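> Just need the structure, nothing else, for what follows:
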Amino acid sequence: MGRILLADANDDNRFAVARAIESLTDLVVDGVSDGPTALERLRGGGYDLVLLEVNLPGMDGFEVCRRLRSDPLTQQLPVLFLTAMQYQTESRLKGLEVGADDFINPPLIDRELVARIKAALRVKALADEVRRQNVELETSVREGTRTAEQLADQLRAERDTLRETFDVFDEALLLMDGPGQVLVANAAGRRLNQTAFRGALEALAAESVERGGICDRAIGDRDRSYVGRAYPVSGNRVLLYVRDVTEERGQEVRRLQAEKLASIGTLAAGVAHEINNPAAFVLGNLEALMGNVRMMADQVNGVGEPAVRSSLHSLLFEVTGILQETKEGMARIHRIVRDLSWFSRVDDERGATTELNAAVDSTLGLLKNELRHRALVERDLRSTRTVATSPARLGQVFLNLILNAAQALDIARAADNRIRVRTYDDGADVVFEVTDNGPGIKPEVLPRIFETFFTTKPRGMGTGLGLSITHGIVRGLGGEITVDTKVNVGTTFRVRLPSQPIVRAELTAPAAQPSYGRRRVLAIDDEPLLLKAYRRMLGDVHEVTTALGGRDALLVLQKQSDFDAILCDLQMPEMSGMELFEKVEARYPELARRFIFSTGGAFSTEAKRFLERDVTSIGKPFRADELLALIEAKIQEKLKEASARAAEENGGEGDGVGDDNLDDAEDAPDGGRRGAEVPGAADPVVTRHAMAGSR
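Below you'll find the predicted structure:
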């Protein structure tokens, strides 16, 4: 239901018009008699239409209409001029000009009046609907604009994030068109596109477009190496993915070198093991022979005939000389094997330290045959420190540099060639220098000497890896390598490494050894000749039982298990010394602490880990006195354990046989055993070891 305001000064007219409208519609009509009142009521709101008489007291209808149209609150209100007078055309036009929607002249007909009112109300309703839809449209547009701006901000943020993400990649990403124009690129791609590789990138993109498929290509020069892959995408464009493989190539070279070194180490350890086994029994037999020769010399002194005695003495002297020379030859073999074994220690560097001078000596020993025909080697080894690395890595550095110096010399001038090897301490560092008097290094070559695969040697003599690997090892150890060279004068390579002082045990004078009785020793090895050598080396001092391998040893222990010491080879077929130790430890716990392992080279990881345990070992070849001293130490250890157990059983008091009274113990008639024998138990006394042939 709508409301109409009727402004007319004539009360009868107001009443008649209101009754006609209300009788024909559901509209409510309020009447006022003057202009100001009408204007005030209309500004208060609540009306859908106004009927104005032109002639109103206080303010005519034209002014009221003009003011309504100028007020935002009422400017949309339909205004109809309703008058009973016949106005001129000018007045009607004036009404329309001030904003009236209609001008109704007499004669007034009720139905026509209502129809015009309804028409005006319909126009108002349509205008209101249009305005409402405009408001909604404006609101929707504003919301859409705001959403679009938010999406644009989000897209910009995502674009920036994506760009920053791609820029983080070390690999180059480039979106290129067919002609090779870069459309999008990350930071690495932009940098790469500004280098000499731009032509190669364009060629790769063109190839991918031409073939319509994925293309791969290696890109690089002597300094950098790349691998590029092109992916065709829509719009005749190509996505390039380019990866820098320079470091990977270097790592591959180092990996191959490490595998090569590991293979050499395994081979060296195997060779050392095979040489040390026969060397051990040869050295033992030589010592036994020398003992027999000395015994023969004592017996020759009793020969009555002076001429015969003199002849025999001369013969024995000659035999002694031959044996001594043979021992010296075996010692040389031992040193060679020892130097060779340095290259078998490459698998674990954790906590490893190496004496600088010892590494140099071993390297020179390995290169002795190579150097003797090329140059005179001068040594000046003054370093007193160690380097925190394995002997193999340090030895590889020295081997590469010394061999490089030797190969730089002209073998035809061997008599004049000199190689000077020098070590010294400099503050917290150690320095190794190798100097040759060769032709020197040319200035145009000097900047490239540490490049991988770069070499000036003839084909077949150099791979271009030696100095590159040396440089990598030295830098990995936190050191530096430099070179001083003069053409036609010589070259000096200088390696500076962080070091630490050598910690040596303080030497004390050996205590006088008391006299001990014979003991039972079980010798286990897979080499029959070495078992015979053990009998010769130990038989005059101890009671020796031998077992050919681990299985034979278990059979021996089933019959007799009261051995004071067990000498066992570490590496044996069928059953190794480690496997035998585990079985003995389970069956005869007391005997497990009597083991002394002999090894010609622990080249397996399992063997190395085993030796890192609390076990006693001796390396082959060894002298008789070394082995006897080790057995003696084991027996003393056994006695200490027995003494400690006895003291515990007696409430803290000893049994009278401990470290303090070993010297006062007397040998028993049965070879040193007193009281009941218990398999695996410690005996109370031991006999002094005497070297074979030293009586």
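> who's in contact with the closest residue to residue 20 other than its chain neighbours?
Distances taken as C-beta to C-beta, 6 or more residues apart in numbering place residue 110 nearest to residue 20, at 4.0 Å, with adjacent residues excluded. Placement of C-beta: from N, CA and C, glycine included. Taking C-beta atoms under 8 Å, 6 or more residues apart in numbering as the contact definition, residue 110 lies against 20, 23, 24.
> do residue 417 as well
Under the criterion of C-beta under 8 Å, 6+ apart, the contact list for residue 417 reads 374, 375, 376, 409, 410, 436, 437, 438.
> doesn't residue 412 make contact with the second one?
No - between residue 375 and residue 412 no contact is recorded; they are 12.0 Å apart, counting by C-beta atoms under 8 Å.
> So the two - more neighbours on which side?
residue 375 (25 against 8; other C-beta atoms under 10 Å).
> before we move on, back to that, rebuild the contacts of residue 110 as a markdown table, extending it with pLDDT, distance to residue 317 and secondary structure.
Compiled in a markdown table, those are given as follows (pLDDT from 0 to 100; distance: C-beta to C-beta, whole Å; DSSP: H, G, I helix; E, B strand; the rest coil):
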| residue | pLDDT | distance to residue 317 | secondary structure |
| --- | --- | --- | --- |
| 20 | 89 | 166 | helix |
| 23 | 90 | 165 | helix |
| 24 | 89 | 163 | helix |
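> Tell me the most packed of the residues you listed, by neighbour count.
Taking other C-beta under 10 Å to define a neighbour, the member of these with the most is residue 20, carrying 17 neighbours.
> ok so, going back, would you mind giving the contacts of residue 110 as JSON lines with distance to residue 447 added?
Below are those laid out as JSON lines (distance: C-beta to C-beta, whole Å):
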{"residue": "20", "distance to residue 447": "114"}
{"residue": "23", "distance to residue 447": "115"}
{"residue": "24", "distance to residue 447": "112"}
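> Next SSE downstream of the helix or strand where residue 202 lies?
With elements taken from DSSP states H and E, the one containing residue 202 is helix 198-211. Past helix 198-211, heading to the C-terminal end, the next element that is a helix or strand (DSSP H and E) is strand 215-220.
> elements contacting the next helix or strand after that next one?
Next along the chain after strand 215-220, taking DSSP H and E as the criterion, comes strand 225-233. Of the remaining helices and strands, those touching strand 225-233 by 3 or more C-beta pairs under 8 Å, 6 or more residues apart in numbering; DSSP states H and E are helix 198-211, strand 215-220, strand 237-244, helix 246-300.
> on that earlier part again, list buried residues within the contacts of residue 417.
Buried positions within the contacts of residue 417, assessed by neighbour count (16 or more other C-beta atoms under 10 Å), are 374, 375, 409, 436, 437, 438.
> And these, which two are furthest apart?
Maximum pairwise distance among the buried ones among the contacts of residue 417 (C-beta to C-beta): 11.8 Å, between 374 and 437.
> I figured residue 31 hits residue 21, correct?
No - counting by C-beta under 8 Å, residue 31 does not reach residue 21; the two are 10.9 Å apart.
> neighbour count winner among these two?
When neighbours are counted by other C-beta under 10 Å, residue 21 comes out ahead of the other of residue 31 and residue 21, with 21 against 18.
> so what's the more buried one closest to, chain neighbours aside?
In space, residue 21 comes closest to residue 29 once its chain neighbours are excluded; the distance is 5.3 Å by C-beta to C-beta, 6+ apart.
> part of a helix, is the one you found?
No - with the criterion set as DSSP: H, G, I helix; E, B strand; the rest coil, the secondary structure at residue 29 is strand rather than a helix.
> isn't it right up against residue 15?
No - in this structure, residue 29 is not within contact of residue 15 by C-beta under 8 Å, at 9.8 Å.
> Looking at these two, which has the bigger crowd around it?
Looking at residue 29 and residue 15 with other C-beta under 10 Å, you find the greater number of neighbours at residue 29, namely 21 against 14.
> And residue 686, what's its pLDDT?
Listed pLDDT for residue 686 reads 30.
> what does residue 576 give?
pLDDT for residue 576: 89.
> what about the helices in the stretch 51-200 of the chain?
Per DSSP state H, counting those that start in this stretch, the stretch 51-200 of the chain carries helices over the ranges 61-70, 89-97, 110-168, 187-193, 198-211.
> Residues contacting the fourth one, please?
Taking C-beta under 8 Å, 6+ apart as the criterion, the residues outside helix 187-193 that touch it are 166-167, 169-174, 182, 185, 198, 201, 226, 240, 242.
> Equivalent analysis for stretch 374-390, please.
Here stretch 374-390 has contacts from 345-346, 348-349, 352-357, 359-361, 364, 371, 394, 406, 409, 411, 414, 417-425, 430-432, 436, 477, 497-502, using C-beta under 8 Å, 6+ apart.
> tell me the mean pLDDT for it?
Stretch 374-390 shows an average pLDDT of 90 in the prediction.
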